[in-house]
Structures are given as structure tokens and as C-alpha cells.
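S.K.: For reference, the sequence and a predicted model appear below.
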Amino acid sequence: MSQPSKTQVFLTNAALIVAVFVTLYPVLWVVKMALTPSQAFSMSVNPIPTEFSLANFEDLLFAQDMEGNWLFLHQFINSIAVSVATTILGVGFATTAAYSFSRFRFPGREGGMNLLLITQMFPGVVMTIPLYIILEELGLLNSLTGMALVYSTTAVPFCVWMLKGYFDTIPRELEEAAIMDGMGRFGIFTKIILPLAKPGIVVTALFSFMTAWNEFILAATFLSEPTKFTLPVALQRYVGDYSTEWGRFAAGAILVSIPVMALFFALQKHLVGGLTAGSVKG
């Protein structure tokens with residue numbers, strides 16, 4: 001194959017630079033608003049801040065309620081607790097259920113998978129009223145436990161579908177060989193299937209965590225105390241009927257994004273892993 005000409009290389013690099021700039025422009029704009037002390041919405045197209053101040057971050061991080069509670073700290077811990085609990089419940093129940101749907105044949109198997117798929121066709125807001133009634137009857141309104149259970153109702157079907165498809169790609173011959181060696185079904189699942197499915201489990205867990213981390217509508221409906229808010233609900237409080245605190249909102253958006261980005265980079269070696277790598281390492 002002939003080497004690309006200098007003109008082709010230049011045009012390709014120029015196109016990539018433009019694509020990167022277009023992608024990063026909204027992010028730079030948010031950073032500009034966060035570093036600008038004014039709360040007004042700037043109409044300038046220049047994404048580079050003309051003023052540098054950490055006042056918006058300080059106002060957000062050190063905000064207190066009437067009782068002296070650090071709101072952002074409480075809300076950050078709330079989001080972490082709810083998202084982690086949702087991920088554990090969703091992935092924990094889904095791994096065994098997905099393995100059963102993938103490997104066993106039993107009455108109602110196809111109907112069960114279709115039913116799980118149907119639940120994914122409806123947005124979460126459709127379930128708001130029945131979930132509100134259930135939480136009220138259980139005394140779980142305005143509680144993190146209630147939010148984790150609510151998010152799990154959507155996380156489990158999603159996780160089952162994701163993991164079932166991944167389990168289907170794992171050769172059955174590996175399990176048959178383990179059975180011939182005298183290994184039981186539980187040992188096969190924990191020592192062979194789960195290690196090989198680590199990339200799929202990590203991806204599923206990451207999506208489950210992000211869904212719970214970013215969800216707003218149900219949290220805004222079921223939570224009523226500022227110290228119980230999750231971060232998306234806390235951010236919405238900076239958007240008023242007559243004015244919006246754009247600087248603090250932008251600073252909050254950046255802080256809310258940092259844990260997800262950190263988690264993504266920490267797990268990226270598993271995200272790019274595949275079945276072959278998993279079987280070699282196992």
C-alpha cells in the first residue's frame with residue numbers, strides 16, 4: 001500500500017482537530033461559567049474565561065442549611081450510597097438470573113425474558129405513582145433505602161439482558177470439561193463463568209451506577225429534605241422560576257461529573273477486555 005501524501009495527512013489531522021474542538025467546546029463553556037464569579041449567562045462565544053475565581057466552587061462545597069449541615073457533603077454521600085447499592089443489587093441479582101436464562105431450559109424462560117424486555121420499553125416516570133404509593137406504605141419515602149430499591153427495579157432487568165447476552169458467548173465446553181473433572185455447578189459459576197464474564201459485568205455495573213448517579217425525576221419526587229437529596233436534585237435547586245445561578249450550576253455539574261469520569265478511567269482496562277483475554281488470564 002502506498003503511503004499517504006503530506007496533504008492527506010495534514011487534512012486528516014486538521015479534521016481531527018476540528019472534531020476534538022467541537023466535542024470539547026461545550027465542556028470548555030461549562031468550565032468558563034464555573035470559573036466566572038458572575039451568575040449571569042454569558043452570550044460570548046469565546047470559551048476561554050476572562051476572569052478566574054473559585055467562588056462558585058466554594059459556595060457550592062461549603063453551603064450549609066439552617067442547622068449547620070454541610071449540604072454538598074451530605075448530597076455527595078447520598079449519591080454514592082444510592083448508586084453503589086443500586087449497582088450491587090442490580091448486578092448481584094442479575095448475574096445468577098442471567099446465567100439461569102443463558103444455560104438452563106425451564107417453563108416460562110422465553111416469557112420471562114420478554115417480560116424483562118417489556119419493562120425496559122417504558123420510561124421510569126411511568127412508574128412514579130405506583131412506586132410512590134408503595135414507598136409510602138412501606139415508610140420509605142424520603143429515604144436512601146427507598147431510592148436504592150426504586151432504582152433496582154429498573155437496574156435488574158437491564159443487567160439481566162446485558163449479562164445474559166454475554167454469558168451466551170462463553171463456550172459451554174468449558175463447563176462440560178469442568179463437570180467431567182468433578183466440579184459442581186456453583187463452583188463452575190463462581191470460578192469459571194464470573195471470571196470470564198468480568199468485562200461484561202464491569203460494563204453492566206458501570207451503566208447501572210451511572211443511571212442511578214444521574215437520575216433526577218424519581219429522586220426529586222421521592223426526596224423532600226435537602227440533606228437527603230442526591231446531587232442531580234441539588235443541582236436543580238440552582239435553577240429558579242425567575243433566575244438561574246449559572247456559575248454555581250456549572251461548578252456543580254463539573255463536581256458531579258468527576259466521580260463518573262474517575263470510575264470510567266479506573267475501569268477502562270476491564271472495559272476493553274474481551275472473552276479471549278479473560279480466558280487466558282483465568
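M.R.: That came through, no problem.

S.K.: tell me the strands in the stretch 101-250 of the chain, going along the chain?
M.R.: If you assign secondary structure with DSSP state E, counting those that start in this stretch, the stretch 101-250 of the chain ends up with no strands.

S.K.: can you list the weak-confidence ranges in it?
M.R.: 241 (pLDDT under 70).

S.K.: where exactly do the helices run in it?
M.R.: 109-119, 128-138, 144-168, 172-180, 185-188, 194-196, 198-214, 217-222, 231-236, 246-271 (DSSP state H, counting those that start in this stretch).

S.K.: Which other helices and strands does the longest one contact?
M.R.: In terms of contacts (3 or more C-beta pairs under 8 Å, 6 or more residues apart in numbering; DSSP states H and E), helix 246-271 is packed against helix 6-35, helix 55-61, helix 71-103, helix 198-214, helix 231-236. Bear in mind the C-beta positions are built from the backbone N, C-alpha and C, glycine included.

S.K.: surely Thr87 meets Ser208?
M.R.: Yes - using C-beta atoms under 8 Å, Thr87 is in contact with Ser208, at 4.7 Å.

S.K.: Nearest residue to Ser143 in space, please, no chain neighbours.
M.R.: Lys228 (7.2 Å; C-beta to C-beta, 6 or more residues apart in numbering).

S.K.: Contact partners for the one you found?
M.R.: When contacts are counted by C-beta atoms under 8 Å, 6 or more residues apart in numbering, Lys228 is found next to His74, Asn78, Asn142, Ser143, Leu144.

S.K.: cool, and Pro259?
M.R.: By C-beta under 8 Å, 6+ apart, Pro259 lies in contact with Ile80, Trp213.

S.K.: and if we set it to 10 Å?
M.R.: Pro259 makes contacts with Phe76, Ser79, Ile80, Ser83, Phe209, Trp213, Leu231, as judged by C-beta atoms under 10 Å, 6 or more residues apart in numbering.

S.K.: check contacts around the closest residue to the first one other than its chain neighbours.
M.R.: In space, Phe76 comes closest to Leu231 once its chain neighbours are excluded; the distance is 6.4 Å by C-beta to C-beta, 6+ apart. Leu231 is in contact with 72, 75-76, 78-80, 83, 213-214, 216, 219, 252-253, 255-256, 259, counting by C-beta under 10 Å, 6+ apart.
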